[in-house]
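Q: structure, please.
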Amino acid sequence: MNKYSMAHVAKEVLLRETDADTAQDCERIAYRLAQLAEIDARKLYAELPYQSMFAYCVGRLHLSEDSAAKRIQAARTARQFPILFEAIADGRLHLSAVCMLASRLAAPTIDGLVVAATHKSKSEIELLLAHRFPKQDIPTFIRALPLRPSDTLQFQHAPGHVDTVASPPTALAAASSEPSRPEHAPGHVALPAQRTTVTPLAPQRFALKTTIDQETRELLRRAQELMGHQLPSAEIAEILRCSLKLWVAHLERRKFAATANPRLCRGSTNPRYVPADVKRAVRERDGDRCTFVSDCGVRCESRTRLEFDHVNEVARGGLPTVDGVRLRCRTHNQYTAERTFGREFMSHKRREAMQRKKRSAS
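A: All right, here's what the predicted structure looks like:
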């Protein structure tokens, strides 16, 4: 018998159990948010090891990207305003409501907003916010419209030909009253997919969906012209591949000193300087990946924001040798330093560094 089949359950029982289970779900969600908020505040995700709270929710808890982003924002907001935990637990507010209210919450007004938003849908809360926090009408005028995220490259003519639905500043719209983009609360978790989407189509085949500006469009067309003798059809995918190969090679030279013809390193008196030959060897050994391993033996999967970290701190005599240097993501580089020197000490050092940066920029 299928345990998920409810055809045999009486109507009254089905409705009663659903109400009871929903109430329990609300309590569990509130408790889960409190857990996430505490993990986030203590940065416990770094021990497990994950580069960020978002990576922890997706990698460890197996939440979807959208679900992770929503729960992190709701948890951070509720930690700042604990009344929200109670409102979620008793079913007065759903997660979307908390995220929508987040940017408007303040100590003097939160009680009234929670009461006003109780048991309201997303569309009703949008109307509530428009009433409580009205904005000026958008004037009617004619202007150049930027591409929207949904406006992508169109392939409507000859193979490889570039055209766009509307490319600024040539595309015009009359009587435009386009609403502004929604505001996000501090701590909002933006998803990479909100900017660019790469969708698998078939084995080793992907669809790229993005938005380009006028300058990028002209560069793409110029690349088509210059590669016309090599690629008669001047396919955009081939141009993108060739361009990325050159750009990735350039970035790898800058970050990892990658080169097919290494030169003799001249050295430096700076104790934090890592010679180019050491960078190349460390990168090859560590495989372009953070080397942090949690107490349970799981290695961090991060390949972004990688830094060369001294195994023994420079302040304690660490040397920039192949055995003395490793790759760490920014999160675990800072986490290790905090475990060694203390969180307060490292926070003070970061504040000093930010102040020096501001003084040098001014």
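Q: ok, which stretches of this protein are helices?
A: Along the chain, counting by DSSP state H, helices occupy 11-42, 53-59, 65-80, 83-89, 95-101, 110-117, 122-132, 214-226, 236-256, 276-286, 330-341, 343-361.
Q: and the fifth one, how far out from the chain middle?
A: Between the mean C-alpha point of helix 95-101 and the mean C-alpha point of its chain there is a distance of 19 Å (Cα atoms, centre = their mean, to the nearest Å).
Q: same for that helix, what does it pack against?
A: helix 65-80, helix 83-89, helix 110-117, helix 122-132 (3 or more Cβ pairs under 8 Å, 6 or more residues apart in numbering; DSSP states H and E). Glycine gets a C-beta too; all of them are placed from N, C-alpha and C.
Q: with the longest one instead?
A: Other helices and strands packing on helix 11-42, by 3+ Cβ pairs under 8 Å, 6+ apart, are helix 53-59, helix 65-80, helix 83-89.
Q: just to revisit the earlier point, out of the helices and strands packed on helix 95-101, flag the one nearest Arg32.
A: helix 65-80 (7.6 Å; Cβ to Cβ).
Q: buried residues in the closest one?
A: By neighbour count on 16 or more other Cβ atoms under 10 Å, the buried set for helix 65-80 is 68-80.
Q: nearest to Arg328 among the helices and strands packed on helix 95-101 would be which one?
A: helix 65-80 (23.2 Å).
Q: CA atoms only for the closest one, dumped as PDB, please.
A: Output in PDB follows, covering the C-alpha atoms of helix 65-80 (Å, rounded to 0.1, in the frame of the first residue of the first chain):
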ATOM      1  CA  GLU A  65      19.600  28.100  -4.400                       C
ATOM      2  CA  ASP A  66      16.400  30.000  -4.100                       C
ATOM      3  CA  SER A  67      15.300  28.300  -0.900                       C
ATOM      4  CA  ALA A  68      18.800  28.800   0.700                       C
ATOM      5  CA  ALA A  69      18.800  32.600  -0.200                       C
ATOM      6  CA  LYS A  70      15.300  33.100   1.200                       C
ATOM      7  CA  ARG A  71      16.000  31.200   4.500                       C
ATOM      8  CA  ILE A  72      19.300  33.000   5.100                       C
ATOM      9  CA  GLN A  73      17.700  36.400   4.700                       C
ATOM     10  CA  ALA A  74      14.800  35.500   6.900                       C
ATOM     11  CA  ALA A  75      17.100  34.000   9.500                       C
ATOM     12  CA  ARG A  76      19.300  37.100   9.600                       C
ATOM     13  CA  THR A  77      16.300  39.400   9.800                       C
ATOM     14  CA  ALA A  78      14.700  37.400  12.600                       C
ATOM     15  CA  ARG A  79      17.900  37.400  14.600                       C
ATOM     16  CA  GLN A  80      17.900  41.200  14.400                       C
END
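Q: so what's the gap between it and the chain middle?
A: 13 Å.
Q: could you pull up the mean pLDDT of that helix?
A: Here helix 65-80 scores 96 as its mean pLDDT.
Q: so what does it touch, helix or strand wise?
A: helix 11-42, helix 53-59, helix 83-89, helix 95-101.
Q: Serialize those helices to JSON lines and add fields for distance to Ser347 and mean neighbour count.
A: Formatted as JSON lines, the helices and strands packed on helix 65-80 follow (distance: least, Cβ to Cβ, whole Å; neighbours: other Cβ atoms under 10 Å):
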{"stretch": "helix 11-42", "distance to Ser347": "14", "mean neighbour count": "14"}
{"stretch": "helix 53-59", "distance to Ser347": "18", "mean neighbour count": "22"}
{"stretch": "helix 83-89", "distance to Ser347": "27", "mean neighbour count": "20"}
{"stretch": "helix 95-101", "distance to Ser347": "28", "mean neighbour count": "21"}
